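Enquirer: Next comes the sequence, and after it the predicted model I'd like to discuss.
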Number of protein chains: 2
Amino acid sequence: MMEVKVTKTTNPKVKPDPATVPFGVAFTDHMFMMEYDSENGWQNPRIVPFGDISLNPGALVFHYGAEVFEGLKAYRTPSGEVQMFRPAENFKRMNNSAERLCLPQFDVEDAVEYLRKFVEVEKDWVPDQYGTSLYLRPFLFGTDADLALHGISHATFMVIACVVGSYYKSGLAPVDMLIEMDDVRAVRGGTGYAKCGGNYAAATRAGEKAAKKGYSQVVWVDGVERKYVEEGGGMNLMFVWDGKLVTPELNGSILPGVTRKSILELARSWGMETVERKITVDELMEGCKNGTVQEAFMCGTAAVVTPIGGFVRGEEKVVVNHNKIGEMTQKVYDELTGVQWGLKEDKFGWTVKVD
Amino acid sequence: MMEVKVTKTTNPKVKPDPATVPFGVAFTDHMFMMEYDSENGWQNPRIVPFGDISLNPGALVFHYGAEVFEGLKAYRTPSGEVQMFRPAENFKRMNNSAERLCLPQFDVEDAVEYLRKFVEVEKDWVPDQYGTSLYLRPFLFGTDADLALHGISHATFMVIACVVGSYYKSGLAPVDMLIEMDDVRAVRGGTGYAKCGGNYAAATRAGEKAAKKGYSQVVWVDGVERKYVEEGGGMNLMFVWDGKLVTPELNGSILPGVTRKSILELARSWGMETVERKITVDELMEGCKNGTVQEAFMCGTAAVVTPIGGFVRGEEKVVVNHNKIGEMTQKVYDELTGVQWGLKEDKFGWTVKVD
């Protein structure tokens, strides 16, 4: 691991109220960055005051979507310590994303340590209320100023952070999901399993359309047969179905969520059977109608768990669990957030202390 | 149209030798830029010295692939005039790309006029040898410094330019194409028809793999059935097949090329039948074997026309036209480049004079 040079800001910002701050905009005082070139590898890891970055307008990231990212959080425990949740999982996935896009990879342990140092510098920014946290955004992008289509030999890795409140200000409440039958987010053989910009660019229009119709999120179906549910807009999907925890199998076009993986592990530790399989839209709609689908929720880093109250496909609407938060949904939420905020025992060793 | 403010460089660069300059790196002295916000629309169109741009590291373009682009050229005619080829077609497509990604659109006529003014400022950079040109790269990207997933309310539109020589330094020569059966570039319902970063990010790995095996380009097949040929890596595909000009139909996952469209119009003007249809990999391989596929070529702005000498699928290899440039391929190349460089009459009114 290289030494991280730290340059502190001389002009610290006023910290926002985490109870009211919107998601994704209240950036902290510093940022982490390092650069890669194919001759020398990664160089110059450093923490510097948060500020604009300067790039050649011919840089790959502006033209050919050469960008991957991650999202995770730092939490403050009741004793005042700061901890992160499974950061190595994020950096392993980031390397997989980088491989798909031909961006340079990095050492996962080094990256965790860089991140730890960064959060240490920003630790006063980690809010102390349950449900509030410091959202961490590692991202990696190609910087060659070259419009020819070929390999990437220069890249930048950064981490920025912002204070976030509870994702749902008025508490957990079931949302209705619109099943998207026109736009497609990803297809097997494509980049669906990678956390890369292009997937989100492809998803924006359907999300906007759903929002205009009053739906919180879309459900993506597979790009091949348009028959199987894949994921929610930016989160994975889970169901309590005939007493088992059921989720779409990782098929190359679904993002392998860290929260998804953790919930499957939790459920199994509770003696619950978990099933990763293909799920058709038809059987999901039918299962909601006949009650075999007992609960449905989305999961992801930002919101942890989002209960689903119903699904809409065209004119057809089905309700899940009488539009109420399910028992398992609540249990998963309580357990995961309990471990993350240090209120519950971390039996799996998922948390990494910062200081 | 807004007035374009021009600030000239005080430190002009030495111009490169177009005979030896690599594609995509020899940027000119200036760049065009203007910014958008959802309250005021497009603002402050200007031509300024070429240089780095500064952005908040939270800007959408670094995270969610909010970026579309175009590629076209300015050519110098034998009489010394500078002209562009169908620029309105590029800006119409750019608006379609922007719509798919929820980026702001613009007035096409205004954009052509901004581009014309930009090329006028850079006209000394347009080289005067047949086959050399000034490559123009309009691009448009989201700049909101906001990690939440929602609409785009701030964006930047830019044009940069670079001197390019003949795409193939040693002249037109047939290349072998590798049919890619693993990675997928795009699928119907996705962003294939849009010229956006994510498509190119998805395409990089297969291109690298093909290059390592010694192939110039890949042939993309459809993402649904993996059965139909769609396009070459970054160019459209065309065939002379039983005396007709045949090309894959625009199905939503193929880029609607301006060169593709122009060649179809040219061929029809020559009395040749043109067919846009689905083409299976199987019938292409068979057609090459039995000689009904008489010629094959790729087409696009950068290289204009690239003759194809053979296709490879796994262990199977077929040759086209004895690995020689076909008569129609050469005729299309001569006619299109003739019009572009002002050596032939522009019967269709495709060119736009700059000065």
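Expert: Received it, and whenever you're ready, just let me know what you need.
Enquirer: List the residue ranges of chain A that fall below the pLDDT cut-off.
Expert: Residues of chain A meeting the criterion pLDDT under 70: none.
Enquirer: and A:Glu120, what does it touch?
Expert: Contact analysis of A:Glu120 by CB atoms under 8 Å, 6 or more residues apart in numbering or on different chains lists A:Val82, A:Val354, A:Asp355. Heads up, the C-betas are built off the backbone N, CA and C, glycines and all.
Enquirer: from the stretch 151-300 of chain A, which residue is nearest to chain B?
Expert: A:Gly198 (2.0 Å; CB to the nearest CB).
Enquirer: Make sure that residue is indeed in a strand.
Expert: No - counting by DSSP: H, G, I helix; E, B strand; the rest coil, A:Gly198 is not part of a strand but helix.
Enquirer: residues near it, how many?
Expert: By other CB atoms under 10 Å in any protein chain shown, 33 other residues sit near A:Gly198.
Enquirer: which ones are touching it?
Expert: Contacts of A:Gly198 by CB under 8 Å, 6+ apart are A:Gly65, A:Thr191, B:Gly65, B:Thr191, B:Cys196, B:Gly197, B:Gly198, B:Asn199, B:Ala201, B:Ala202.
Enquirer: Roughly how far does it sit from B:Ser97?
Expert: 13 Å (CB to CB, to the nearest Å).
Enquirer: quick one on the thing from earlier: among the contacts of A:Glu120, which lie within strands?
Expert: The strands, defined by DSSP state E, take in A:Val82 from the contacts of A:Glu120.
Enquirer: could you pull out the strands for the stretch 151-300 of chain A?
Expert: Ranges of strands in the stretch 151-300 of chain A, per DSSP state E, counting those that start in this stretch, are A:154-164, A:175-180, A:217-221, A:229-232, A:236-241, A:244-248, A:274-277, A:293-300.
Enquirer: Is it possible to get JSON lines of those that adds mean neighbour count?
Expert: Shown next, in JSON lines, are the strands of the stretch 151-300 of chain A (neighbours: other CB atoms under 10 Å in any protein chain shown):
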{"stretch": "strand A:154-164", "mean neighbour count": "23"}
{"stretch": "strand A:175-180", "mean neighbour count": "22"}
{"stretch": "strand A:217-221", "mean neighbour count": "25"}
{"stretch": "strand A:229-232", "mean neighbour count": "25"}
{"stretch": "strand A:236-241", "mean neighbour count": "24"}
{"stretch": "strand A:244-248", "mean neighbour count": "21"}
{"stretch": "strand A:274-277", "mean neighbour count": "13"}
{"stretch": "strand A:293-300", "mean neighbour count": "25"}
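Enquirer: In a markdown table: the ones you listed, plus distance to B:Val21.
Expert: As requested, the strands of the stretch 151-300 of chain A are exported to a markdown table (distance: least, CB to CB, whole Å):
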| stretch | distance to B:Val21 |
| --- | --- |
| strand A:154-164 | 20 |
| strand A:175-180 | 45 |
| strand A:217-221 | 44 |
| strand A:229-232 | 45 |
| strand A:236-241 | 48 |
| strand A:244-248 | 49 |
| strand A:274-277 | 52 |
| strand A:293-300 | 47 |
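Enquirer: What residues does A:Asp110 make contact with?
Expert: Here A:Asp110 is in contact with A:Met1, A:Met2 (criterion: CB under 8 Å, 6+ apart).
Enquirer: Same check on A:Ser262?
Expert: So A:Ser262 contacts A:Arg86, A:Leu336, A:Phe348, A:Trp350 (CB under 8 Å, 6+ apart).
Enquirer: Relative to A:Gly349, how far out is it?
Expert: 12 Å.
Enquirer: Now do the same contact list for the closest residue in space to A:His63 that isn't next to it in sequence.
Expert: Nearest non-adjacent residue to A:His63, counting by CB to CB, 6 or more residues apart in numbering or on different chains: B:Phe69, 5.4 Å away. Neighbouring residues of B:Phe69 by CB under 8 Å, 6+ apart: A:His63, B:Met94, B:Arg137, B:Pro138, B:Phe139, B:Leu140, B:Lys195, B:Cys196, B:Gly197.
Enquirer: with those in mind, which one is nearest to B:Leu172?
Expert: B:Arg137 (24.0 Å; CB to CB).
Enquirer: I'd say A:Gly58 and A:Asp146 touch.
Expert: Yes - with contacts counted by CB atoms under 8 Å, A:Gly58 reaches A:Asp146, the gap being 6.7 Å.
Enquirer: hey, what's in contact with both of those two?
Expert: By CB under 8 Å, 6+ apart, A:Gly58 and A:Asp146 have these common neighbours: B:Gly24, B:Val25.
Enquirer: how about the CA coordinates for stretch A:91-99, as CSV?
Expert: The C-alpha coordinates for stretch A:91-99 follow below in CSV (Å, rounded to 0.1, in the frame of the first residue of the first chain):
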residue,chain,number,x,y,z
PHE,A,91,-14.4,-3.1,-4.1
LYS,A,92,-14.5,-6.7,-5.3
ARG,A,93,-17.6,-5.8,-7.3
MET,A,94,-15.9,-2.6,-8.5
ASN,A,95,-13.1,-4.6,-9.9
ASN,A,96,-15.6,-6.9,-11.7
SER,A,97,-17.2,-3.8,-13.1
ALA,A,98,-13.8,-2.4,-14.2
GLU,A,99,-13.0,-5.7,-16.0
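Enquirer: Go through that stretch and flag the buried ones.
Expert: For stretch A:91-99, the neighbour count (16 or more other CB atoms under 10 Å in any protein chain shown) marks A:Phe91, A:Lys92, A:Arg93, A:Met94, A:Asn95, A:Ser97, A:Ala98 as buried.
Enquirer: and the fourth one, backbone torsions?
Expert: Dihedral angles phi and psi of A:Met94 (degrees, to the nearest 10) take the values phi -60, psi -40.
Enquirer: can you pull the contacts of the nearest residue to it once chain neighbours are set aside?
Expert: Nearest residue to A:Met94, sequence neighbours excluded (CB to CB, 6+ apart): A:Glu70, at 5.0 Å. By CB under 8 Å, 6+ apart, A:Glu70 lies in contact with A:Asn90, A:Phe91, A:Arg93, A:Met94, A:Leu136, A:Arg137, A:Pro138, A:Phe139, A:Lys195.
Enquirer: Among the residues you listed, which are located in helices?
Expert: Of the positions in the contacts of A:Glu70, A:Asn90, A:Phe91, A:Arg93, A:Met94 sit in helices, assigned by DSSP state H.
Enquirer: Can you say which two of those residues are spatially most distant?
Expert: It's A:Phe91 and A:Arg93 that sit farthest apart of these, by CB to CB, at 7.3 Å.
Enquirer: quick one on the thing from earlier: if I look at the residue nearest to A:Met94, how far off is A:Cys299?
Expert: 16 Å.
Enquirer: And for A:Thr351?
Expert: 18 Å.
Enquirer: now the helices for chain A?
Expert: Counting by DSSP H, the helices of chain A are A:60-63, A:87-101, A:108-121, A:197-212, A:258-269, A:281-290, A:327-340.
Enquirer: Can you mark which positions in the longest one are buried?
Expert: This points to helix A:197-212. Quick answer for helix A:197-212 (16+ other CB under 10 Å): A:197-211.
Enquirer: same check, this time on the third one
Expert: Along helix A:108-121, the positions that meet the burial threshold by neighbour count (16+ other CB under 10 Å) are A:Val108, A:Ala111, A:Val112, A:Glu113, A:Tyr114, A:Leu115, A:Arg116, A:Lys117, A:Phe118, A:Val119, A:Val121.
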